[in-house]
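Student: I would like the atomic coordinates for the input below:
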Amino acid sequence: MSGVDWAQALGMGRHGLYVWPAFGLTLIVLGGLLLHGWQARRRLQRELRQRWRRERRP
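Tutor: Here you go, the predicted structure:
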């Protein structure tokens, strides 16, 4: 088995300066999309619950 040179692996040659910021930005965008989806779902559930309560009143 050969050892891994982690500095070279993380540096990805000269491409590391491009790859790691792009990877980080991708994670930030995906996290934002997840957060937005969760908030939209909670908002929709709250609105539907309020509408359901209003319609049930005599």
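
Student: element containing R46?
Tutor: Per DSSP states H and E, R46 falls inside helix 16-56.

Student: any idea of the mean pLDDT in that helix?
Tutor: The average pLDDT within helix 16-56 is 96.

Student: pLDDT score for S2?
Tutor: 65.

Student: Enumerate the positions of stretch 36-48 that are buried.
Tutor: By 16 or more other Cβ atoms under 10 Å, stretch 36-48 has no buried positions at all. In short, each C-beta sits where N, CA and C put it, glycine included.

Student: re the thing from before, and the helix holding R46, how far from the chain's centre?
Tutor: 8 Å (Cα atoms, centre = their mean, to the nearest Å).

Student: how near is the residue nearest in space to the middle of the chain to M12?
Tutor: Among the residues of the chain, G31 comes closest to the average C-alpha position under Cα atoms, centre = their mean, at 1.8 Å. Distance, G31 to M12, by Cβ to Cβ, to the nearest Å: 23 Å.

Student: Then T26?
Tutor: As judged by Cβ to Cβ, T26 and M12 stand 15 Å apart.

Student: L34 too?
Tutor: Distance, L34 to M12, using Cβ to Cβ: 27 Å.

Student: For G16, the count of nearby residues, please.
Tutor: As a burial measure, G16 scores 15 neighbours (other Cβ atoms under 10 Å).

Student: Helix, strand or coil: sort out the closest residue in space to it that isn't next to it in sequence for me.
Tutor: Spatial nearest neighbour of G16, chain neighbours left out: L10 (6.5 Å); criterion: Cβ to Cβ, 6 or more residues apart in numbering. Following DSSP: H, G, I helix; E, B strand; the rest coil, L10 is assigned to helix.

Student: isn't L10 right up against F23?
Tutor: No - between L10 and F23 there is no contact under Cβ atoms under 8 Å: 11.2 Å.
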